[in-house]
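Peer 1: pasting the sequence and the predicted model now:
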Amino acid sequence: MKQFSVKIEVKLKPVVLDPQGKAVLNALGGLGFSEVSDARVGKVVELTMEGESAEEVSGKADEMCRRLLSNPVIEDSSVEVVEKQDA
Amino acid sequence: MPNFGVLFFPGSNCEEDCYHAIRKILGQPCDLIWHEETSLEGIDCVVVPGGFSYGDYLRAGAIARFSPVMEPLTRLAAEGVPVIGICNGFQILVESGLLPGAFLHNSSLKFVCRWNHVRVEEIDTPFTCLLREGEVLKLPVANAQGNFVPGEGATPRIVLRYCGPQGEIDKEANPSGSQDAIAGVANTQGNVLGMMPHPERGVENAFGSEDGKKMFESVVSWIKFSKQREAALSLAKLKGSEPELRPIPRRRFDYDLD
């Protein structure tokens, strides 16, 4: 069994309005960062998983996104898998 | 008399209010049911109350939907038993797929706690059968993630919409920024209703309103009606005759309209 670091990003779909992102955008504008034209807020879930291969782990993480970590009605998710190297 | 079952999860906080409304104000039998229960036998109406189940972690309602009690609840819902999800209960029903859609943070990004008006858009559900289309109810709302979105291309059965005191739909009257001012939706069958306002907190005039009582009274009438209907159907089957079906219960007098 190998160990993998799994990083799952859950973001609101582009068509869904993001009230948090809008508040962040306004706050950044208030701080003088006038170059910011858009802001979206999402979530990151980091997992440590065991498995035979990156493909297997990635498939399981996709299933987790479908069943719990994201709501497909409003959110998109992406999975990034990196094998952990023994120290 | 109909048996009500009020579910509660770790973090629910409106189950006692629901119990009070049903048991003390309506005088109907009511059980409080812990989320680990695996049977809902003998329950004629399930109430999924508000609160912050599992701390609203991940998304409101996302974790409660995996509770053991959700299995018998899903079965009852498919059988046509009336189910109402209030506030966090609505979010749980949406996450479990019993109702369509999803929730976003309120457009104001604030927790909104206030009295609001809602307009009745549909009366062919167990919880609105004694109401009138267009009738305005005064009910409290209290939520941070009440911004309902039906999902792309979805057209849910809208039962309640936020409105002003005269029934007017405008931006100020919508506490969450929900799409189409949606305050409550039903499933296709009509027996599962989710709503953000709290009918159980509006059952006594001394506390601001008793409009919420009408929704509980509706479901009591509806349950009696469906039991009579079932009995009439099986009797007719035995006799081989046409069943004598009573009409859906409706309010007879407009005593408190206008």
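Peer 2: Nice, I can see it.
Peer 1: just the helices from chain A, written as ranges.
Peer 2: With helices called from DSSP state H, chain A shows them at A:19-30, A:54-64.
Peer 1: for chain B, find the nearest of the ones you listed.
Peer 2: Nearest to chain B among those is helix A:19-30 (4.8 Å), distances taken as C-beta to the nearest C-beta. (Each C-beta comes from the backbone N, C-alpha and C, glycine too.)
Peer 1: quick one: is stretch A:14-24 near chain B?
Peer 2: Yes: Stretch A:14-24 comes into contact with chain B when judged by C-beta under 8 Å from any C-beta of the partner chain, the residues involved being A:Val15, A:Val16, A:Leu17, A:Asp18, A:Pro19, A:Gln20, A:Ala23.
Peer 1: which one of the residues you listed is nearest B:Pro126?
Peer 2: Using C-beta to C-beta, A:Val16 comes nearest to B:Pro126 of the residues of stretch A:14-24 next to chain B, at 31.6 Å.
Peer 1: can you tell me how far the closest one is from B:Gln179?
Peer 2: 10 Å (C-beta to C-beta, to the nearest Å).
Peer 1: residue boundaries of the strands in the stretch 151-258 of chain B?
Peer 2: Using DSSP state E, counting those that start in this stretch, the strands assigned to the stretch 151-258 of chain B run over residues B:157-163, B:182-186, B:192-195.
Peer 1: which neighbours do A:Val16 and B:Gln179 share?
Peer 2: Counting by C-beta atoms under 8 Å, 6 or more residues apart in numbering or on different chains, the contacts common to A:Val16 and B:Gln179 are B:Val149.
Peer 1: and stretch B:40-51, C-alpha only, in PDB?
Peer 2: What follows is the C-alpha trace of stretch B:40-51 in PDB, where atoms were taken according to Å, rounded to 0.1, in the frame of the first residue of the first chain:
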ATOM      1  CA  LEU B  40     -40.900   5.300  11.900                       C
ATOM      2  CA  GLU B  41     -43.800   2.800  12.100                       C
ATOM      3  CA  GLY B  42     -47.200   4.300  12.900                       C
ATOM      4  CA  ILE B  43     -46.100   7.900  12.200                       C
ATOM      5  CA  ASP B  44     -48.600   9.800  10.000                       C
ATOM      6  CA  CYS B  45     -46.600  13.000   9.500                       C
ATOM      7  CA  VAL B  46     -42.800  13.500   9.900                       C
ATOM      8  CA  VAL B  47     -41.400  16.900  10.900                       C
ATOM      9  CA  VAL B  48     -37.700  17.600  10.300                       C
ATOM     10  CA  PRO B  49     -37.100  20.600  12.500                       C
ATOM     11  CA  GLY B  50     -34.600  23.500  12.300                       C
ATOM     12  CA  GLY B  51     -31.300  24.100  14.000                       C
END
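Peer 1: could I get the buried residue list for that stretch?
Peer 2: By 16 or more other C-beta atoms under 10 Å in any protein chain shown, the buried positions in stretch B:40-51 come out as B:Leu40, B:Ile43, B:Asp44, B:Cys45, B:Val46, B:Val47, B:Val48, B:Pro49, B:Gly50, B:Gly51.
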